[in-house]
Structures are given as C-alpha cells and as structure tokens.
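[1] 3D, please:
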Amino acid sequence: SSDLKTMSGGLYRVLGVSKSASKDTIRLAYLRLAKQLHPDVNKAPGAPQEFQKVRDAYEVLSDEKKRREYDRQLGPDGGSSGSSGRSSAGAQTTSSWAMYDEARRAGASSDPREAMRRARQQQEYENLRARAHAYQNASFNQGRYQQSMLESLFKFFPLIVPVWMVVVLVGLHRRSKAVEQGHPADMVTYDQTGRAYAKDAYGRLHRLPDFDR
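    Okay, the predicted model is just below:
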C-alpha cells in the first residue's frame, strides 16, 4: 500500500511513521521509542545504537527546514521502488542515512546558533548520563563492601567463639582455684619492710595497708 511505501523512507521508518505524519505524530513516536531504547532502561547490546538512530531521525524530522531538505532528496516515492523489491532495502537505508547527514550538515552550516544549541543539549545529556553512571557505580560498590564485611564476619565467627569461651573458662578456673587454697590470710605476702600485699588469681599483687606489720 501507499502507507507502507511512505514508511519505507530511512528516517521515517526509524520512527515508524509515514512521510505525511504531522509534527505531533513524529514527536509522540520519538518519545515512545526513546523510552523503550534509552541505554539506562534497555540493556540490550544494540540498544545504544538504535537509540542514537532514533535521536538522529527525530533531529531531522522535527526541524521543518531539515525535513524539507531530506524529503527533497528522498523523492516523492519515499525512496523505495516497487521493482527493486526487498533486495534493495539495505542500499535504500544507506542512501537515506547519507541524505540525513547531508541535510544535518546543511542545516548546521546555515544556522550556527542552532548547531551550538544542539551541541549544548548533547553535552548536557552526556553529563547527565555520566552522573547517573557514577551514582550507580558508587551504590554498587557500597553494597559490595557491606556484603564482603558480612561474609568475613560470618567466616571468622566460628573461630572467635571457641577462643572466647576458652578464655572465660580459664579465668573462672583460676579464680575458683585461688579461693580453694584456704584462709584469705594465707594469700597475704609481705615485703622486706613489712608492707602487706594480696595476690589475685592472675598473680598480681594488691596493696593491703590494714595488714602491715
């Protein structure tokens, strides 16, 4: 049908619209495809390239001057020929993208301010994408760090618990052994000057002035 022919033009086919599509229809088609193919949403291997094609197509078809120039080079039949058939589809697509490049260069050279505006938009998009990527990496690294700390704790926990239990048991045993040794007076020792000291379960001396000789 005629609609299929008009949609076979390279840039129109990228957006999935006919050559007679209105500016609003082209804009809606672009937003729909951009939402599906944006690299932050679509992780498929070829998604970035397809997203760039959609952006490039919209850049030309949304600008009336560039669109007229593109349509003029594309021709009234949408760039397709019934006799060529499907075998020429690849060549048609290549020529369509060549037309697009030429139209974009012509528009940029005739209006430097428009070219600068689009360059700023591209730079802002790249900066936003870089910040989103950096934030994603920072969140991922923090999660990996917390996960590794928990794994290390669980790995050494079975080794720490037995050691802690042995220390507690040895301390209790030495304390009970010191109490069983007899009267507390037997645990008092004196130095050469007659000052009294008490020795605890760990062998440390504590001053007892009340028992001085």
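[2] which elements pack onto the lengthiest helix in the chain?
    As assigned by DSSP state H, the longest helix anywhere in the chain is helix 112-179. Counting by 3 or more C-beta pairs under 8 Å, 6 or more residues apart in numbering; DSSP states H and E, the packing neighbours recorded for helix 112-179 are helix 89-110. C-beta: built from backbone N, CA, C; applies to glycine.
[3] pLDDT averaged over the helix it packs on - what is it?
    Per-region confidence: helix 89-110 scores 50 on mean pLDDT.
[4] so Asp200 makes contact with Val188?
    No. Using C-beta atoms under 8 Å, Asp200 is not in contact with Val188, being 12.0 Å away.
[5] what about Lys199, how many neighbours?
    13 (other C-beta atoms under 10 Å).
[6] give the contact list for it.
    187, 189, 205-206 (C-beta atoms under 8 Å, 6 or more residues apart in numbering).
[7] can you tell me which of those is nearest Val17?
    His206 (94.0 Å; C-beta to C-beta).
[8] check contacts around the closest one.
    Contacts of His206 (C-beta under 8 Å, 6+ apart): 197-200.
[9] how does it look with 10 Å?
    Each residue near His206 by C-beta atoms under 10 Å, 6 or more residues apart in numbering is listed here: 196-200.
[10] same check, this time on Arg213
    Per C-beta under 10 Å, 6+ apart, neighbours of Arg213: 190, 193-196.
[11] top of those by neighbour count?
    That'd be Ala196 among those, by other C-beta under 10 Å, with 18 neighbours.
[12] distance of the spatially closest residue to that residue that is not a sequence neighbour from Asp191?
    Closest residue to Ala196 apart from its sequence neighbours, by C-beta to C-beta, 6 or more residues apart in numbering: Phe211 at 3.5 Å. Note on Phe211: its distance to Asp191, by C-beta to C-beta, to the nearest Å, is 12 Å.
[13] tell me which of those two has more neighbours.
    Phe211 (16 against 10).
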